[in-house]
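K.L.:
task: produce atomic coordinates for the following.
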Amino acid sequence: MATQPHPDPAARAVTCATLTVSDTRTSDTDRSGQLIQTALKTAGHRVAAYEILPDEPATIRATVLDWCANPGVEAIVLNGGTGIAPRDTTYDAIAALLDKTLPGFGELFRYLSYGEVGSRAMASRAIAGIHQNTLIFSLPGSSNAVRLGMEALILPELGHLVRQMQGH
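P.N.:
From the prediction side, this is the model:
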């Protein structure tokens, strides 16, 4: 692993919300949503909200905007709906909300995914950025993709990115 260009002060707990976008999952079958919550909590972060919504852009957008309006929610992690199938609309719903994008997130996610799934990684529209003062990550819905994104990208940088976003 590369060295950090400027080390952060002590670890920082981030308050997060998690959203699973799926037309079929329930709280009992949402392995990816549970994986996100467990990973966040294990790393010392807090989960303030969790929902499962159908892949409807207006509903996704409304929920994300509600969470962004809550000053207690610093980051949102979504999973599902990032492919190219007709019902995959999470990317479209989220990309339109972002004031700033983190293009490196999607680029690195696809690069790392390529090592696991080969050229099919190109179909992922994983995205991250900021809306107002909330950091947003959108991952594919597969548990393997969620595990990769959380372990390799989100958890190592979550506290640092929130500090940067808040000007600390």
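K.L.:
wasn't T24 part of a strand?
P.N.:
No: secondary structure of T24, determined by DSSP: H, G, I helix; E, B strand; the rest coil: coil, with no strand assignment.
K.L.:
what about it, distance to F105?
P.N.:
26 Å (Cβ to Cβ, to the nearest Å). C-beta: built from backbone N, CA, C; applies to glycine.
K.L.:
wait, what's in contact with the most centrally placed residue in the chain?
P.N.:
When Cα atoms, centre = their mean is applied to the chain, the residue found nearest the centroid is F137 (2.6 Å). F137 makes contacts with A75, I76, V77, L78, F105, I127, A128, G149, I154, as judged by Cβ atoms under 8 Å, 6 or more residues apart in numbering.
K.L.:
apply 7 Å and report the result again.
P.N.:
Neighbour list for F137: V77, L78, F105, A128, I154 [criterion: Cβ atoms under 7 Å, 6 or more residues apart in numbering].
K.L.:
for T63, what is the enclosing helix or strand?
P.N.:
helix 57-69 (DSSP states H and E).
K.L.:
list the buried residues of that helix.
P.N.:
P57, I60, R61, T63, V64, W67, C68 (16 or more other Cβ atoms under 10 Å).
K.L.:
do stretch 131-142 as well
P.N.:
In stretch 131-142, counting by 16+ other Cβ under 10 Å, buried: H131, T134, L135, I136, F137, S138, L139, P140, G141, S142.
K.L.:
among these, which are in strands?
P.N.:
H131, T134, L135, I136, F137, S138, L139 (DSSP state E).
K.L.:
how far away is the third one from T59?
P.N.:
If you measure L135 against T59 using Cβ to Cβ, the figure is 21 Å.
K.L.:
where are the low-confidence patches of the chain?
P.N.:
For the chain, the stretches with pLDDT under 70 are 1-10.
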